[in-house]
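A.B. asks: have a look at this prediction, sequence included:
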Amino acid sequence: MRSRLILVGLVLGAGGLFPDTNISVVVSAGNEKIAMVDDCDPDADWGVGGCLNNHNDGNVTRAEFMLLLASPLSPTTVVGHPSWRNDPGYLTVEDGEKVRVKNLGGRNHTFTRVAEFGGGTVPPLRVGLLPAPECPAAVLVGPGDKVEVSNTDLKPGDNRFMCCFHSWMRTVIKVVPDEHGKHKR
């Protein structure tokens, strides 16, 4: 368990390792449907990366994050800290709607469409999970940044999205027919 925590500790700052690759699609203010949130304490010692903005409201320390990352009841799978999440985790939209996503947290995240939920790009944070093959091409969404998932990216039925750093941050967007009962494809 100690070696697992050491490995996890080495990657807690993984979101901050790629500051020059912070790419996002900026959309108009407001009308976000999904918030990526975390509660990192900007005054805590997070090591590499830290809280990347003036996220003054956060109160989760690195030690607390590590304690809630795993559970003895699930020794081979990452559980993850509950304040690191996509909100809501399930969303229904009509065909043709765009979904705007904003990172309200203090850490880098991704909002990556995946065929199946799995582990991300940070090996110690995917304990027991196979890496999602889509994660190496994931786009960073920095604190305060926004992305938009267009109607061409969303297919009828369930669409899975996850953070490729914190793989327990997951959302399913279900696309249903529009108000006329039709899909626009």
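C.D. replies: In hand now; what should we look at?

A.B. asks: may I have stretch 90-110 as CSV, with CA atoms only?
C.D. replies: In CSV, the C-alpha atoms belonging to stretch 90-110 read as follows (Å, rounded to 0.1, in the frame of the first residue of the first chain):
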residue,chain,number,x,y,z
TYR,A,90,-25.4,12.1,-16.5
LEU,A,91,-27.1,14.5,-18.9
THR,A,92,-29.9,14.1,-21.5
VAL,A,93,-29.9,16.5,-24.5
GLU,A,94,-31.9,16.6,-27.7
ASP,A,95,-30.2,15.8,-31.0
GLY,A,96,-28.5,18.9,-32.4
GLU,A,97,-27.8,20.5,-29.0
LYS,A,98,-24.3,21.6,-28.1
VAL,A,99,-22.9,20.9,-24.7
ARG,A,100,-20.7,23.5,-23.1
VAL,A,101,-18.3,22.3,-20.4
LYS,A,102,-16.4,24.6,-18.0
ASN,A,103,-13.5,23.8,-15.7
LEU,A,104,-14.5,25.4,-12.4
GLY,A,105,-11.6,23.7,-10.5
GLY,A,106,-8.0,24.6,-9.8
ARG,A,107,-6.4,21.7,-11.7
ASN,A,108,-6.1,20.8,-15.3
HIS,A,109,-8.6,18.2,-16.5
THR,A,110,-9.7,16.7,-19.9
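
A.B. asks: would you mark the buried spots in that stretch?
C.D. replies: 91, 93, 95-97, 99-103, 105-110 (16 or more other CB atoms under 10 Å). Placement of C-beta: from N, CA and C, glycine included.

A.B. asks: and stretch 72-89, by the same measure?
C.D. replies: Thr77, Val78, Gly80, His81, Ser83, Trp84, Arg85, Asn86.

A.B. asks: list of residues touching it?
C.D. replies: With contacts defined as CB atoms under 8 Å, 6 or more residues apart in numbering, stretch 72-89 is touched by 34-39, 60, 64-65, 68-71, 101, 105, 107, 111, 119, 125-129, 161, 163, 166-172.

A.B. asks: just the buried residues of the residues you listed.
C.D. replies: By neighbour count, with 16+ other CB under 10 Å, the contacts of stretch 72-89 hold 34, 36-39, 60, 64-65, 69-70, 101, 105, 107, 111, 119, 125-127, 129, 161, 163, 166-172 as buried.

A.B. asks: please settle this for me: is Asn86 part of a strand?
C.D. replies: Yes: secondary structure of Asn86 (DSSP: H, G, I helix; E, B strand; the rest coil): part of a strand.

A.B. asks: and the gap between it and Met66?
C.D. replies: 21 Å (CB to CB, to the nearest Å).

A.B. asks: same thing with Pro88?
C.D. replies: Distance from Pro88 to Met66, by CB to CB: 26 Å.

A.B. asks: so who does the one residue sitting closest to the centre of the chain touch?
C.D. replies: Taking CA atoms, centre = their mean, the centroid of the chain lies closest to Cys163, which sits 2.9 Å from it. For Cys163, the contact set (CB under 8 Å, 6+ apart) comprises Met36, Trp84, Asn86, His109, Thr110, Phe111, Thr112, Gly120, Met169, Arg170.
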